[in-house]
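Participant: Sequence below, structure please.
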Amino acid sequence: MKILKIGGSILTREKEIREEVIGRITSEISSSWGELILIHGVGYFGHPQASLCKLNEGLCSDNKSGVYETHRAVIELNKKILDSLADKGVPVIPIHPLSCITGKDGRIDSFNIRCIELAVKNGFLPVLHGDIVSDCVKGCCIVSGDQLVSYIARKFSHAQKSSICNHIEKIGVATNVDGVYDKEGKIIREINPSNLKTILNQRFEGGKKYDVTGGMRGKVIELTHIKEESLIFNGEKEGLIRKFLNGTKLEGTIIRGFLRERK
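Facilitator: Alright, predicted model coming up:
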């Protein structure tokens, strides 16, 4: 079984949903998906609303309306992806974090992944996305697609013996760049325990104005909490998502499987 996360930077541009790009990506997925958990970021459709309402700082009397505004923007993009997959014959099941996840001080606290297991077992493609969720400390928080990747991968890893599905064997994070760059602009081909501290201390370029989930640095941090190996690669390039799903070796940044415990 695989986990594929598609970055919101690929799916959106400024205030627009890139429908042609979504069509191309869903065509690649529809021909090669197999046992897959699909997660997508939200790009412009969610980040600005959450940022302007300061939802990641917690809930207050002045920003409650922003919860639905953020979720509404997110599901607008999500529906485009689901419809495009369904039109290509893929049996999809949407799983909206707002309805089934709670947070604790910004991290996922409660999420019964049985709904994902059953969807995969029954031949469906579960589709999740970054979202706003209720938080028992802050009132609300943002759960990014990257946090979903690391949480789901760890839960499946811990539950392998009793799981009704196969274990996770591949994790891919498709972005709009070729991988993680060093300070000289060269691709870092591998991140492991020996170079992690140096990489995290560098300045990560290209952050978006409204990004509330940590950008590339946030991705790297989340992926270091997964036992399995993961790959950050360029999903903007035609055919690479299909190749990832088919098991073809791709260039990008490999994050070697090492586990730093995180709740």
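
Participant: contacts and neighbour counts: CA atoms only from here.
Facilitator: Will do.

Participant: Pull the contacting residues for K80.
Facilitator: 19, 22 (CA atoms under 8 Å, 6 or more residues apart in numbering).

Participant: what about 10 Å?
Facilitator: By CA atoms under 10 Å, 6 or more residues apart in numbering, the residues touching K80 are 17-19, 22-23, 86.

Participant: What subset of those is buried?
Facilitator: By neighbour count, with 16 or more other CA atoms under 10 Å, those hold 17-18, 22-23 as buried.

Participant: Low-confidence stretches in the stretch 101-250 of the chain?
Facilitator: Judged by pLDDT under 70, the stretch 101-250 of the chain has its weakly predicted residues at 158-166, 203-214.

Participant: What's opposite P126 in the beta bridge?
Facilitator: Counting by DSSP bridges, P126 is bridged to I93.

Participant: ok, the residue lying closest to S230 once chain neighbours are set aside to T253 distance?
Facilitator: Leaving aside its chain neighbours, S230 sits nearest to I171 (4.7 Å; criterion: CA to CA, 6 or more residues apart in numbering). According to CA to CA, to the nearest Å, I171 and T253 sit 12 Å apart.

Participant: anything in contact with each of these two?
Facilitator: Listed as contacting both I171 and T253 by CA under 10 Å, 6+ apart are 230-232.

Participant: Can you pick out the ones from those that are in strands?
Facilitator: Residues of the shared contacts of I171 and T253 located in strands (DSSP state E): 230-232.

Participant: Most neighbours of all these, which one?
Facilitator: I232 (28 neighbours; other CA atoms under 10 Å).

Participant: Centre of the chain to the longest helix that the chain contains, how far?
Facilitator: The longest helix of the chain (DSSP state H) is helix 65-87. Distance of helix 65-87 from the chain centroid (CA atoms, centre = their mean, to the nearest Å) equals 15 Å.

Participant: wouldn't K54 be in contact with S61 here?
Facilitator: No: the pair K54 / S61 is not scored as a contact, 11.9 Å apart, by CA atoms under 10 Å.

Participant: So between these two, which is more surrounded?
Facilitator: Between K54 and S61, counting by other CA under 10 Å, K54 is the more crowded of the two (17 against 6).

Participant: who's in contact with L231?
Facilitator: 4, 170-174, 179, 189-191, 223, 244, 250-256.
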